[in-house]
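Asks: Predicted model and sequence follow; I will ask about them next.
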Amino acid sequence: MVSWMISRMVVLAFGTLYPAYSSYKAVKTKNVKEYVKWMMYWIVFALFTTAETLTDMLLSWFPFYFELKIAFVIWLLSPYTKGSSVLYRKFVHPTLSNKEKEIDDYIAQAKDRSYETMMKFGKRGLNLAANAAVTAAAKVNSFWS
């Protein structure tokens, strides 16, 4: 049985480092076909990483769980199976195409809310800092008086 640590190292090496270097090579050679291949991989891998966070908590007790994760990453990368391309074309692209407007709207709302929230916290922080400065100045003034 493979431990969590070995699984993590294999997934990082094969799931992240090798694809990152291959993506670098695609950018360097300006090969559009390779660009598309690696963009599809990174999109699928991002979804895998997100799902992995949940499944690690819920399913890590399952026999051969870590071995299955390693096999899945190798399947995604394999030039013979073209796993990431298959998943992207059959599931990810159609799903994102159907939900694209809703996702874009949600992202726009989140951006607006985050700006408003940051402004609110910024003003609150400035008020707290100003009050702290006035309080400190009053204490120093009363100390010297």
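Replies: Here it is on my side, so go on. Numbering: from 1, shown residues only.
Asks: The residue nearest to the spatial centre of the chain and Ala137, how far apart?
Replies: When Cα atoms, centre = their mean is applied to the chain, the residue found nearest the centroid is Ala46 (5.9 Å). Remark: distance between Ala46 and Ala137 (Cβ to Cβ, to the nearest Å) = 51 Å. Yep, even glycine has a C-beta here, placed from its N, CA and C like the rest.
Asks: Check Val11 too.
Replies: Distance of Val11 to Ala137, given as Cβ to Cβ: 56 Å.
Asks: The two: which is more packed in?
Replies: Val11 (20 against 10; other Cβ atoms under 10 Å).
Asks: so what's the more buried one closest to, chain neighbours aside?
Replies: In space, and not counting its chain neighbours, Val11 is closest to Val73: 5.4 Å by Cβ to Cβ, 6 or more residues apart in numbering.
Asks: Give the burial count for Lys84, as a bare number.
Replies: Wrong residue type there; residue 84 is Ser, not Lys. The number of residues packed near Ser84 is 25, by other Cβ under 10 Å.
Asks: Could you do Phe45 as well?
Replies: 21.
Asks: can you pull the pLDDT of it?
Replies: Phe45 carries a pLDDT value of 96.
Asks: In this structure it contacts Gly15, no?
Replies: Yes - using Cβ atoms under 8 Å, Phe45 is in contact with Gly15, at 6.1 Å.
Asks: Please enumerate the shared neighbours of the two.
Replies: Leu76 (Cβ atoms under 8 Å, 6 or more residues apart in numbering).
Asks: Which helix or strand in this protein has the lowest average pLDDT?
Replies: Of all helical and strand segments in the chain, the minimum by mean pLDDT, DSSP states H and E falls on helix 93-144, at a mean of 82.
Asks: what does the model give Leu12 for pLDDT?
Replies: pLDDT for Leu12: 90.
Asks: How about the one helix or strand it maps to, which residues are buried there?
Replies: Of the helices and strands defined by DSSP states H and E, Leu12 is found in helix 4-12. The neighbour-count check on helix 4-12 (16 or more other Cβ atoms under 10 Å) flags Ser7, Arg8, Val10, Val11 as buried.
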